[in-house]
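Colleague: Sequence plus predicted model, see below.
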Amino acid sequence: MDNFHQLLQGFHNFKQKYFLKEREYFESLEKSQNPKTLVVACCDSRVDPAILLHCKPGELFVIRNVAALIPSSDQADSPSAVMAAIEYGVKHLSVEHIVVLGHSRCGGIHGLMHPETICNEKYIWQWVSIAAPALDRLNDLTDDEPPEVRARHCEEGAVLLSLDNLLSYPWISSKVEEGSLKLHALYYDLGKGELYRFSPEKEDFLPLVLKTPKKSAK
């Protein structure tokens with residue numbers, strides 16, 4: 001069985017196990033969508049935000065690109081597919097959260113850090129160059145870290161840079177200031193299967209720890 005046939009079989013399984021069993025829910029999605037969260041994630045096949053965050057169809061408005069990057073208002077080309085999707089999510093869907101989800105072993109950030117590997121790949125190089133300020137900051141801070149630590153810091157820095165770039169758009173920054181829109185930075189470690197969230201107070205990505213609900217006293 002080739003890969004494409006597996007995809008078709010996968011759709012058949014989806015329809016039998018989910019669509020037909022939750023017909024009322026999917027009928028509601030036919031009429032409209034009302035996601036509360038917009039996720040900008042990498043197009044890496046190992047990092048599917050709907051699977052990682054265990055979401056149903058209709059719960060996330062997802063934008064995927066190389067290294068989960070967001071251009072600043074000065075960098076965005078016209079037209080810009082990424083910014084068109086973000087603008088739609090913010091202005092038409094009125095999402096309440098924007099999440100930028102980075103991850104370990106990111107090929108896009110590896111290309112940024114090792115330009116010789118993509119020097120003949122015009123479109124990749126132009127795109128990952130959006131994250132060049134993150135690499136510049138890393139170089140200013142230190143240059144003697146082990147390669148894997150350095151890569152992680154650059155991957156995390158690119159996520160934070162994308163959040164900063166979001167705030168360069170007045171129609172986003174105004175909603176953040178009024179409290180109707182919240183921005184979040186997440187980082188997924190492929191090897192450990194751990195999700196990290198950036199803490200402004202600690203100025204670091206910390207492991208996500210969920211509080212277990214207390215059992216009610218009998």
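Modeller: Noted; the coordinates are in hand. All values reported here derive from a predicted model rather than from experimental measurement.
Colleague: Just want the most central residue of the protein.
Modeller: With distances taken as CA atoms, centre = their mean, Ala41 lies nearest the centre of the chain, 2.5 Å away.
Colleague: Assign a three-state SS to it, would you?
Modeller: strand (DSSP: H, G, I helix; E, B strand; the rest coil).
Colleague: partner residues bridging it?
Modeller: Ala41 has these beta-bridge partners by DSSP bridges: Arg64, Leu101.
Colleague: Just confirm it contacts Leu60, I think it does.
Modeller: No - judged on CB atoms under 8 Å, Ala41 makes no contact with Leu60 at a distance of 9.4 Å. Where C-beta positions appear, they are placed from N, C-alpha and C, glycine not excepted.
Colleague: outside of the top helix by length along the chain, which residues touch it?
Modeller: Scanning the chain for the longest helix, with DSSP state H as the assignment, gives helix 147-166. In this structure, residues lying in contact with helix 147-166 by CB atoms under 8 Å, 6 or more residues apart in numbering are 40, 67-73, 75, 86, 98, 100-106, 109-110, 112-113, 130-131, 133-135, 137-138, 145, 172-173, 183, 185-187, 198, 205.
Colleague: Mind checking which of those are in helices?
Modeller: Checked against DSSP H, the contacts of helix 147-166 include these in helices: Ile86, Ile109, His110, Leu112, Met113, Pro133, Ala134, Leu135, Arg137, Leu138, Ile172, Ser173.
Colleague: what's the burial count for Glu145?
Modeller: Neighbourhood size, Glu145 [other CB atoms under 10 Å]: 14.
Colleague: Need the nearest residue in space to it, chain neighbours excluded.
Modeller: With CB to CB, 6 or more residues apart in numbering as the criterion, Glu145 has its nearest non-adjacent residue at 7.0 Å, and that residue is His153.
Colleague: repeat for Gly108
Modeller: Nearest in space to Gly108, with sequence neighbours left out and distances taken as CB to CB, 6+ apart, is Ala67 at 3.1 Å.
Colleague: and the one you found, how many neighbours?
Modeller: 28.
Colleague: close enough to count as contact, it and Val47?
Modeller: No - the pair Ala67 / Val47 is not scored as a contact, 10.7 Å apart, by CB under 8 Å.
Colleague: check contacts around the residue nearest to Gly108.
Modeller: Counting by CB under 8 Å, 6+ apart, Ala67 touches Cys42, Gly102, Cys106, Gly107, Gly108, Ile109, Leu112, Trp127, Val128, Ala131, Ala158.
Colleague: Can you get me a residue count around Lys17?
Modeller: 10.
Colleague: same question, the one 4 residues further on
Modeller: When counting by other CB under 10 Å, one arrives at 10 neighbours for Lys21.
Colleague: tell me the phi and psi of it?
Modeller: Reported as degrees, to the nearest 10, the phi and psi values for Lys21 are phi -80, psi -20.
Colleague: Okay, strands next: where are they in the chain?
Modeller: Using DSSP state E, the strands of the chain run over residues 37-42, 60-65, 97-103, 182-189, 194-199, 204-207.
Colleague: To Lys17, which of these lies closest?
Modeller: When the strands of the chain are compared by CB to CB, strand 60-65 sits nearest Lys17, at 19.8 Å.
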